[in-house]
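Engineer: Build me a structure from this.
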Amino acid sequence: MSFGNCEETTKDKIILLDDKKSKAKSKIYFLNPRQKHIRKVTVDDCVLKEGVQKCDYLIITKDSEIEHFVELKGHNIKHAISQLETTINKIFCNVKQSKFRFILTSRSPLSAASIQVYKKKFKKKYNSELIIQKNKFEFQI
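Structural biologist: Presented below is the predicted three-dimensional model:
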């Protein structure tokens with residue numbers, strides 16, 4: 001699937017995603033030491049416009065088509081999960097491939113047990129690993 005003007009391709013060794021509109025300091029660094037071709041898609045207000053819940057970004061490794069959906073959040077993890085699910089249902093690209101969903105939050109009001117329930121749900125329903133981290137996170141592609 002092509003995302004037109006909402007997509008850029010990069011081979012950068014470090015790909016930073018942050019939310020410049022938010023006061024939350026959440027950010028994720030995708031580490032790309034082998035400089036693979038990466039598709040960086042802006043979902044929020046580009047692929048999906050106002051009126052629908054959506055995550056912020058989608059990162060796709062071009063060689064393996066592994067999808068990484070990213071939501072940067074202040075603290076409302078339940079809303080972030082809803083945004084991820086809506087985005088998955090709207091623009092889900094490759095059903096059979098491994099997927100990762102990231103929520104980066106400045107603080108987490110959910111208990112560890114609640115987070116585990118969501119992680120199990122994402123694994124079962126979407127064949128996806130749900131990763132919830134505070135503030136900043138690094139992930140090697």
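Engineer: C-alpha from now on. contacts and neighbour counts both.
Structural biologist: Noted.
Engineer: where's Val117, which helix or strand?
Structural biologist: Per DSSP states H and E, Val117 falls inside helix 112-126.
Engineer: Pull out the buried positions in that helix.
Structural biologist: Going by neighbour count (16 or more other Cα atoms under 10 Å), the buried part of helix 112-126 is 115, 119, 122, 126.
Engineer: And the strands in the chain, which stretches?
Structural biologist: For the chain, the strands defined by DSSP state E occupy 7-10, 14-18, 27-31, 38-42, 57-61, 67-73, 99-105, 128-134, 136-140.
Engineer: Would you mind finding the most buried of the ones you listed?
Structural biologist: Comparing the strands of the chain by mean neighbour count (mean count of other Cα atoms under 10 Å), strand 67-73 ranks first with a mean of 25.
Engineer: Packing partners of the helix holding Val117?
Structural biologist: With contacts defined as 3 or more Cα pairs under 8 Å, 6 or more residues apart in numbering; DSSP states H and E, helix 112-126 has these neighbours: strand 128-134.
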